[in-house]
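structure here, sequence nowhere to be found:
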């Protein structure tokens with residue numbers, strides 16, 4: 001091969017390599033994928049992972065405006081306790097004071113002690129009457145009902161009442177006859193089962209119900225159980241506590257006909273005076289329930305309005321339930337700032 005041919009061949013090879021290099025050179029803006037070992041070919045861009053690119057795009061669009069006014073909700077003001085105030089000296093078996101609006105225990109003593117509830121259970125009897133029996137059902141007062149311990153309500157055999165009227169008697173004068181009559185109408189065993197079932201449903205895990213009146217000492221529970229029941233009533237049946245805050249109420253019965261009236265019906269009106277002294281003496285009293293048996297001694301549930309808050313007081317096993325509740329209320333006013 002001549003010298004000229006060798007020159008042409010050499011130049012041709014150079015041109016081929018030059019062309020190949022130009023073809024593989026990335027254009028401006030081309031993205032070169034990063035090899036597994038980490039670096040791109042010379043002259044290309046590294047493509048960031050998709051998650052990073054999305055995050056960067058979001059940050060660009062969510063940059064806060066430094067001149068924008070920041071609006072914050074005011075902090076909720078909770079009761080503040082003065083730690084210099086000592087706990088009250090009480091003569092009770094158990095007690096609970098709770099701010100129902102803020103769900104805060106202000107005071108608790110033996111809160112898990114099971115104690116005979118006495119007539120406090122009539123609150124549950126009222127709930128079952130409303131939810132399962134029906135307030136407009138006509139209930140006969142039987143000899144069995146008036147044989148129950150106590151004569152509150154002064155009922156007579158043969159009288160007929162709407163169940164709602166008997167509930168008033170249960171709540172204001174704590175009538176055992178009224179509770180027994182409703183339970184007899186519904187079926188006492190079924191009524192008590194409904195009471196127990198409701199307690200389990202609400203989470204009153206230490207509460208046991210044996211009868212609708214509270215006479216038996218086996219009707220027991222804790223102040224924590226009663227607090228759960230109070231909350232439920234305030235939410236679902238606030239009329240129960242509104243009734244207990246009244247100084248008096250009228251109920252109507254009938255004889256010889258039906259409770260709703262008729263030609264041969266004799267309508268009898270009775271006045272019930274609330275046995276809870278707070279109903280007549282404390283304008284900030286929102287409702288409650290008394291209870292007493294020899295085994296339980298005095299029990300009391302009271303709800304008061306104080307500084308715009310609903311405050312619940314429960315005392316068990318005391319010879320002076322109103323005095324002990326007053327001691328607790330005065331202590332709350334001294335120990336807490338609302």
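Structure received. Note that this is a predicted model, so its numbers are computed, not measured.

stretch 144-161: end-to-end distance?
16 Å (Cα to Cα, to the nearest Å).

who's in contact with residue 116?
Contacts for residue 116 (Cβ atoms under 8 Å, 6 or more residues apart in numbering) come out as 217, 218, 219, 220, 293, 295, 296. C-beta coordinates here come from the backbone N, C-alpha and C atoms, glycine included.

what subset of those residues is buried?
Buried members of the contacts of residue 116, counted by 16 or more other Cβ atoms under 10 Å: 219, 220, 293, 296.

sorry, back to before: may I see the contacts of residue 116 arranged in CSV, with distance to residue 229, secondary structure and pLDDT as well?
As requested, the contacts of residue 116 are exported to CSV (distance: Cβ to Cβ, whole Å; DSSP: H, G, I helix; E, B strand; the rest coil; pLDDT from 0 to 100):
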residue, distance to residue 229, secondary structure, pLDDT
217, 19, coil, 95
218, 18, coil, 96
219, 13, coil, 97
220, 13, strand, 98
293, 19, strand, 97
295, 20, coil, 97
296, 16, coil, 98
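
between those, which sits nearest residue 155?
residue 293 (20.4 Å; Cβ to Cβ).

now residue 140, nearest residue through space, not along the chain?
Sequence neighbours aside, residue 160 is the residue nearest to residue 140 in space, at 5.6 Å (criterion: Cβ to Cβ, 6 or more residues apart in numbering).

and if you look at residue 125?
residue 212 (4.6 Å).

would you confirm that that neighbour contacts residue 187?
No. Residue 212 lies out of contact with residue 187 (Cβ atoms under 8 Å); the separation is 11.1 Å.

so which residues of the stretch 101-250 of the chain form strands?
104-109, 115-116, 138-140, 160-162, 220-221, 248-255 (DSSP state E, counting those that start in this stretch).

so which of these is nearest residue 230?
strand 220-221 (12.1 Å).

starting at the chain centroid, how far to that closest one?
Its chain's C-alpha centre and that of strand 220-221 lie 19 Å apart, by Cα atoms, centre = their mean, to the nearest Å.

tally of neighbours for residue 281?
For residue 281, the neighbour count with other Cβ atoms under 10 Å is 10.

oh, I was asking about residue 130
18.

excluding chain neighbours, what is closest to it?
Using Cβ to Cβ, 6+ apart, the closest residue to residue 130 is residue 237 (5.8 Å).

I figured the one you found hits residue 127, correct?
Yes. With contact defined as Cβ under 8 Å, residue 237 reaches residue 127; the gap is 6.3 Å.

more crowded one of the two?
In this view residue 237 and residue 127 are compared by other Cβ under 10 Å, and residue 127 has more residues nearby, 21 against 16.

need the contact list for the more buried one.
Counted by Cβ under 8 Å, 6+ apart, residue 127 has contacts 198, 229, 232, 233, 236, 237, 240.

buried only: go through these for me.
Judged by 16+ other Cβ under 10 Å, buried ones among the contacts of residue 127: 198, 229, 232, 233, 237, 240.

what sits closest to the residue nearest the centre of the chain if chain neighbours are left out?
Centroid-nearest residue in the chain: residue 231, 5.3 Å away (criterion: Cα atoms, centre = their mean). Closest residue in space to residue 231, ignoring its immediate chain neighbours: residue 100 at 6.8 Å, by Cβ to Cβ, 6+ apart.
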